[in-house]
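Q: The following block contains a protein sequence and its predicted model.
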Amino acid sequence: MNEFTNQTQYKNIKSSKTVKSVVAVLVSIIVFVILFSLCTFRVDEREQVVVKQFNEVVRVVIDKETDEMRDARLANPNLDNVRVTEGRKGLFLKIPFIQTTETYTNQLLTYDTVPREVITQDKKKLVLDNFAQWRIVNAALFVSTINNESKAHQRLDELVYSKLNEEIGKITAHVMISDKEYVSGMLAKILGDTNAQLKTYGIEVVDIRIKRTDLPEENYENVYNRMRTERERAAKTYRSEGLEEAQKIRSTAEKEATIIEANAYEEAETVKGEGDAEALKIYADAYNKDPEFYAFYRSLQAYKETLGSGTTIVLDPETEFLKYLFNPSLITTEVPEVQETPQVPAE
């Protein structure tokens with residue numbers, strides 16, 4: 001019994017030592033991780049880091065510091081002793097509890113303004129909606145002056161809007177809306193002036209663009225009425241020009257119709273005259289060949305035209321007209337002398 005008890009106690013003691021060893025290892029690992037995180041910091045390829053000691057900048061890790069950036073940094077008395085690490089990213093050491101880090105991006109940042117009114121040279125109001133793209137180029141200056149993106153946007157808003165308002169005040173609304181080349185040059189000038197003033201803040205504006213340019217809402221009705229009046233005036237002009245052209249076409253058509261009718265009448269009269277002349281010639285030739293038969297035939301034609309069914313004639317039976325009906329004795333066989341019928345010239 002005593003031997004069994006001793007074995008149990010031995011196992012308990014051994015198990016307790018194992019647990020304590022595991023706990024000690026875990027605690028050591030945790031302490032190491034904490035100390036490692038307190039003593040180191042990591043810089044990504046898309047980032048730049050500022051190291052502060054007692055709220056003063058002592059070190060910056062950036063891609064590259066140009067001569068212009070160095071001159072701007074050295075011009076600030078608080079940044080004379082700043083240590084610059086450039087061209088290297090990864091893991092770095094720092095003093096725990098004394099030094100702190102602030103991380104900023106190298107990528108472009110966009111500031112989108114709210115639409116606001118500007119006044120042109122001809123006193124026209126325009127609603128301007130623009131935006132700007134910028135980046136942090138000198139993290140040390142940025143931290144010691146502006147320190148955060150919100151203040152940077154506020155400063156950009158003041159500079160860009162004031163410059164736009166100043167430049168737009170020099171041109172008319174028509175140039176602002178329609179002359180894209182001029183507006184592009186104007187924005188380039190504003191970009192240069194803005195960067196000159198932002199140099200001491202460690203930031204650079206890469207691009208300034210205008211998204212849209214509108215008229216104020218109170219002007220919409222006036223613009224609509226003016227457009228409607230212009231369209232109505234244009235419509236009246238088109239209608240009057242159409243009526244004038246239609247009148248010209250009608251006049252031309254009537255003139256041509258009159259000429260065609262006159263030519264047709266002249267041709268008809270010519271043909272009619274030639275026909276009459278030909279008829280007279282035929283009559284004359286027929287009469288010369290057999291005058292008595294011709295006279296008889298003409299009388300029959302006259303009877304046919306005048307004497308119809310139920311016709312009553314009151315004439316002297318001895319009249320020449322009725323000689324073929326009542327007085328055949330009056331018919332002569334002598335051929336009278338026939339004179340040649342003159343030709344009728346065609347008209």
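A: Great, that's in hand.

Q: Please report the distance of the residue most central in space within the chain from Thr172.
A: The centroid of the chain falls nearest to Ser178 when counting by C-alpha atoms, centre = their mean (12.2 Å). Noted for Ser178: a distance of 10 Å to Thr172, by C-beta to C-beta, to the nearest Å. C-beta here means a position set from N, CA and C on the backbone, and glycine is covered the same way.

Q: Same check on Lys289?
A: Where Thr172 is concerned, Lys289 sits at a distance of 103 Å (C-beta to C-beta).

Q: Neighbour count for these two, which is higher?
A: Thr172 (15 against 10; other C-beta atoms under 10 Å).

Q: doesn't Lys124 make contact with that one?
A: Yes. Assessed by C-beta atoms under 8 Å, Thr172 is found in contact with Lys124 at 7.4 Å.

Q: which residues of the stretch 51-200 of the chain fall in helices?
A: For the stretch 51-200 of the chain, the helices defined by DSSP state H, counting those that start in this stretch cover 67-74, 139-145, 149-168, 173-178, 180-198.

Q: most tightly surrounded among those helices?
A: Across these, averaging neighbours per residue (mean count of other C-beta atoms under 10 Å) puts helix 139-145 on top, at a mean of 23.

Q: now the helices of the stretch 51-200 of the chain as TSV including distance to Arg298 and mean pLDDT?
A: Shown next, in TSV, are the helices of the stretch 51-200 of the chain (distance: least, C-beta to C-beta, whole Å; pLDDT from 0 to 100):
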stretch	distance to Arg298	mean pLDDT
helix 67-74	129	78
helix 139-145	131	85
helix 149-168	107	89
helix 173-178	94	85
helix 180-198	98	91
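
Q: Minimum distance to Glu117: which of those helices has it?
A: Closest to Glu117 of these, according to C-beta to C-beta: helix 149-168, at 9.3 Å.

Q: Give me the packing partners of the closest one, helices and strands only.
A: With contacts defined as 3 or more C-beta pairs under 8 Å, 6 or more residues apart in numbering; DSSP states H and E, helix 149-168 has these neighbours: strand 109-112, strand 116-119, strand 125-136, helix 180-198, strand 203-214.

Q: ok and that helix relative to helix 180-198, angle-wise?
A: Relative orientation of helix 149-168 and helix 180-198, computed by axes from the mean of the first three to the mean of the last three C-alpha atoms, to 10 degrees: 130 degrees.

Q: just the angle between helix 149-168 and strand 125-136, please?
A: 140 degrees.

Q: Need the residues that contact helix 149-168.
A: With C-beta atoms under 8 Å, 6 or more residues apart in numbering as the test, helix 149-168 has contacts from 109, 111, 113, 116, 118-120, 126, 128, 130, 132, 134, 142, 146, 176, 186, 189-190, 193-194, 197-198, 201, 203, 205, 208.

Q: Dump it to CSV, keeping only the CA atoms.
A: Taking Å, rounded to 0.1, in the frame of the first residue of the first chain, the C-alpha atoms of helix 149-168 are listed here in CSV:
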residue,chain,number,x,y,z
GLU,A,149,-5.0,63.8,-44.4
SER,A,150,-8.0,65.7,-43.1
LYS,A,151,-5.9,68.9,-42.6
ALA,A,152,-4.2,68.3,-45.9
HIS,A,153,-7.6,68.2,-47.7
GLN,A,154,-8.6,71.4,-45.9
ARG,A,155,-5.4,73.1,-47.1
LEU,A,156,-5.8,71.8,-50.6
ASP,A,157,-9.4,73.1,-50.7
GLU,A,158,-8.3,76.5,-49.7
LEU,A,159,-5.5,76.8,-52.2
VAL,A,160,-7.1,75.1,-55.2
TYR,A,161,-10.5,76.8,-54.9
SER,A,162,-8.9,80.2,-54.4
LYS,A,163,-6.7,79.7,-57.5
LEU,A,164,-9.6,78.4,-59.6
ASN,A,165,-11.8,81.3,-58.5
GLU,A,166,-9.0,83.8,-59.4
GLU,A,167,-8.3,82.4,-62.8
ILE,A,168,-11.9,81.9,-63.8
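
Q: That helix to strand 203-214, inter-axis angle?
A: Going by the same axes, to 10 degrees, helix 149-168 makes 60 degrees with strand 203-214.

Q: for stretch 261-280, what is the average pLDDT?
A: The predicted model assigns stretch 261-280 a mean pLDDT of 87.
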